[in-house]
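# Fold the following and give me the result.
(one chain, ligands or ions: 1)
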Amino acid sequence: MNRKIVIGNWKMNKDIRQSVECAEELLQSKYGLDTVNSTDIVLTPSFLALNEVKKVCAQRSGIYLGAQDVFYEPSGSYCGAISAAMLSEVCSYAFAGHSERRMYFGDTDEMVYRKVRACTDAGIVPIFCIGETGRAYSAGRTKAYLRYQIEHGLKDVRPCDMVVLYEPVWALGTGRTPRTDEVEEVMCFVKETLAGLYGPDRSAGQAAVRAVYAGSVCPENAAAYAALPHVDGVAVGTASLCAQKLAAIIHAVDRVD
Ligand code: 13P
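The predicted model follows:
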């Protein structure tokens, strides 16, 4: 069975000091994270705060650092970009194709594919993001939309440790959430599609491929999503900015059998 995972994605929030304070608070004994034993925790602060947060997290095993984005070229004249090899000095995980990158920064399926490849080449676990728009959801085209994203984003990517993050675009930061039966149906479909690409062993249980839900996850709904048979964890944006809420979500996921 896959280890579960909770990803706290701070996005463009918190300066270095605030990031360190939040990580330190999360590790305080009052939140009892030392009792969490079947869930990996990944924090994705801003690039600038990665190093300092990593120092804080070094106090406890099972907490990993992740980058919110990666550029796909290995090196060169790409002003402002950070390669996967550079990230690998600090991070174990990196997002590839977060819907906000697709929406605001023009990430295409081809770019996302190259980012996934760059991560795997550098030994970073990609957090490969997929999710339908509100329009596709309303039109009942969710599965077709996701199949296209998966087949393009992973086209010749060899089976490897990976997180496939399903985040319905219409549920991000909005407080609107899909029903758990909708998420289960989609995640089952995602795992079937991955099994079609990789064979059942890499997607259906023992695999290193973990399927994770994101979209307005909070302490009140985290257990319901994490308990779904085809869900291996959650990624949390807004609620993860508060250490107390993030700790509650981590415990809720960890308690699920
Ligand atoms: P929210 O939890 O704010 O909807 O964001 C989720 C997300 O984008 C995780 O990466």
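# Distance of the spatially closest residue to Ala84 that is not a sequence neighbour relative to the ligand?
Nearest residue to Ala84, sequence neighbours excluded (CB to CB, 6 or more residues apart in numbering): Ala122, at 3.6 Å. C-beta: built from backbone N, CA, C; applies to glycine. To the ligand, Ala122 is 21 Å away according to CB to the nearest ligand atom, to the nearest Å.
# Give me the neighbour count for Ala122.
19 (other CB atoms under 10 Å).
# With the one 5 residues further on instead?
Ile127 is flanked by 29 other residues according to other CB under 10 Å.
# any residues touching the helix or strand harbouring it, and which ones?
For Ile127, the host element (DSSP states H and E) is strand 125-130. For strand 125-130, contacts defined as CB atoms under 8 Å, 6 or more residues apart in numbering pick out 7, 42, 66, 92-99, 102, 112, 115-116, 119-120, 146, 149-150, 153-154, 160-167, 190, 212, 235.
# Tell me which of those residues fall in helices.
Among the contacts of strand 125-130, the members found in helices (DSSP state H) are Ser99, Arg102, Val112, Lys115, Val116, Cys119, Thr120, Leu146, Gln149, Ile150, Gly153, Val190.
# Please pick the buried ones from those.
Neighbour counting by 16 or more other CB atoms under 10 Å classes Ser99, Arg102, Val112, Lys115, Val116, Cys119, Thr120, Leu146, Gln149, Ile150, Gly153, Val190 among the ones in helices among the contacts of strand 125-130 as buried.
# right, and the fifth one touches Ile150 too?
No: judged on CB atoms under 8 Å, Val116 makes no contact with Ile150 at a distance of 10.8 Å.
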